[in-house]
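need a structure here:
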Amino acid sequence: MTSPSAPRRLHPLTDPADAATLEGALAAVSPGDPLAWMYLHWRRAEATGALPCAWFVTEDEAGRPTGLGLAVCKPVAVGGYGSGLVSVVPEQRRRGVATALRTALEEAAAGLLPGLVYEYREDEAPAEAARLAWGLTVSERHHESVLALDEATVQRLAAVRVPEGVALEPVDDLDALGEAAWRTLHARFAAMFADAPDVADGDANVPYEVFRGLVTQPWMLLLARDATGDLLGLTMVTERPGEDEAANTFFTGTERHARGRGVATAVKAHQAVRMAQAGITRLYTQNMVGNEPILAANRRLGFVHAVTTCDVPVALPGGRPRA
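Got it, this is the predicted structure:
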């Protein structure tokens, strides 16, 4: 990292005193980057204490941030991989900054994970050029779509039919549910998450502490149960960091035997109504390209395609194999 084209300074963010440096780096790389919110999302998840992350910042000679890198050092992606993000300010691209950040992230994650999955916007030419220069391959693509929760849309969603024999159940008092009930709910969520069509091989996972820590408001969670009270499906959203009055779908899913009945559509529609009542005006969601049933359901609800992102897996030498 000492070549003339390398960043002047690269250093990890490991101390609470580094918070200001991180804020400055986020501000520098965020303009025009539709994935910038993901740094803030993982930062919130890291704060639960169950999701260790490695953060690195690069700076120029004047101490100005030129790049930001993040490795989520837990198996949150398919294949037991962690998640990686690298962003470089436009005027510093093609100067070795991204390569330096990648090297640091992969060294930090080595021995903890079999690999990292990086993500970038499909139409971002510098990122595509870097991927090709590094000899990496896109494994999956995802559509990000957005639903504007205007008055007409909310009225239409409120009229979405709930399937016969299905009851929608909000959790109006999160603390009253109790830890045992939360852990039972997390176990069912984890099973549905692993079996979801958008999880390519069922290996992605969400620790209990992250699941519970991200649900901070009643409008973020809506359950669907059958006549016996058994859980059929749920939808969960989180705040969309960095964007006021917006939320991001974390997961919507149903038990396999309940699919095809409109359960997922109903919970998603009626939760959106609850969100609108709480002041949310935009709901984002990300789904795998090729998962036409989910994409079609989103279009019926009124979601509009905003951006396509690409997953790029990188195996780590000596990475811990999957259990």
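
mind exporting the helix ranked longest in the chain as CSV, just the C-alpha atoms?
Secondary structure assigned by DSSP state H gives helix 179-195 as the longest helix of the chain. Output in CSV follows, covering the C-alpha atoms of helix 179-195 (Å, rounded to 0.1, in the frame of the first residue of the first chain):
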residue,chain,number,x,y,z
GLU,A,179,-37.8,-12.7,25.5
ALA,A,180,-39.0,-16.3,25.3
ALA,A,181,-41.7,-15.3,22.8
TRP,A,182,-39.2,-13.3,20.9
ARG,A,183,-36.8,-16.2,20.7
THR,A,184,-39.6,-18.5,19.5
LEU,A,185,-40.5,-16.0,16.9
HIS,A,186,-36.9,-15.7,15.8
ALA,A,187,-36.6,-19.4,15.4
ARG,A,188,-39.6,-19.5,13.1
PHE,A,189,-38.3,-16.4,11.2
ALA,A,190,-34.9,-18.1,10.8
ALA,A,191,-36.5,-21.2,9.3
MET,A,192,-38.6,-19.2,6.9
PHE,A,193,-35.6,-17.0,6.0
ALA,A,194,-33.4,-20.0,5.2
ASP,A,195,-36.2,-21.5,3.0
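
Touching the helix or strand following that helix from outside, list them.
Sequence-wise, the next helix or strand downstream of helix 179-195 (DSSP states H and E) is helix 208-214. The contact list for helix 208-214, computed with Cβ atoms under 8 Å, 6 or more residues apart in numbering, reads 44-45, 47-51, 182-183, 186, 189-190, 220, 236, 238, 250. All C-beta atoms are positioned from the backbone trio N, CA, C, and that covers glycine.

Mind checking which of those residues are buried?
44-45, 50-51, 182, 186, 189-190, 220, 236, 238, 250 (16 or more other Cβ atoms under 10 Å).

For the chain, which segments count as helices?
Under the criterion DSSP H, the chain contains helices at 19-29, 36-46, 97-109, 125-134, 151-158, 179-195, 208-214, 263-277, 292-301.

Dump the ones you listed into TSV; add mean pLDDT as well.
Compiled in TSV, the helices of the chain are given as follows (pLDDT from 0 to 100):
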stretch	mean pLDDT
helix 19-29	88
helix 36-46	87
helix 97-109	95
helix 125-134	92
helix 151-158	97
helix 179-195	93
helix 208-214	90
helix 263-277	96
helix 292-301	86
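
who wins for proximity to residue 167 among those?
Closest approach to residue 167 among those is made by helix 263-277 (10.3 Å; Cβ to Cβ).

distance between the closest one and the chain's centre?
From the chain centre to the centre of helix 263-277 is a distance of 20 Å (Cα atoms, centre = their mean, to the nearest Å).

before we move on, what about stretch 276-284?
18 Å.

With stretch 171-183 instead?
That offset, for stretch 171-183, works out to 23 Å (Cα atoms, centre = their mean).

ends of that stretch, how far apart?
14 Å (Cα to Cα, to the nearest Å).

The residue most central in space within the chain and residue 99, how far apart?
In the chain, the centroid-proximal residue (Cα atoms, centre = their mean) is residue 38; its distance is 6.2 Å. Residue 38 sits 21 Å away from residue 99, going by Cβ to Cβ, to the nearest Å.

again, but for residue 25
Residue 25 is 17 Å from residue 99, by Cβ to Cβ.

residues in contact with the nearest residue to residue 253 once chain neighbours are set aside?
With sequence-adjacent residues excluded and distances taken as Cβ to Cβ, 6 or more residues apart in numbering, residue 253 is closest to residue 192, at 4.1 Å. Contacts of residue 192 were listed using Cβ under 8 Å, 6+ apart, and they are 233-234, 251, 253-255.

For the nearest residue to residue 241 once chain neighbours are set aside, list the residues it contacts.
With sequence-adjacent residues excluded and distances taken as Cβ to Cβ, 6+ apart, residue 241 is closest to residue 40, at 3.0 Å. Counting by Cβ under 8 Å, 6+ apart, residue 40 makes contact with 26, 241-242.

swap in residue 50?
Residues near residue 50 by Cβ under 8 Å, 6+ apart: 74, 207-210, 213.

at 6 Å what do you get?
The contact partners of residue 50, by Cβ atoms under 6 Å, 6 or more residues apart in numbering, come to 207, 209-210.

Let's see if you can find the most crowded of the residues you listed.
Using other Cβ atoms under 10 Å as the neighbour test, the contacts of residue 50 are led by residue 210, with 23 neighbours.
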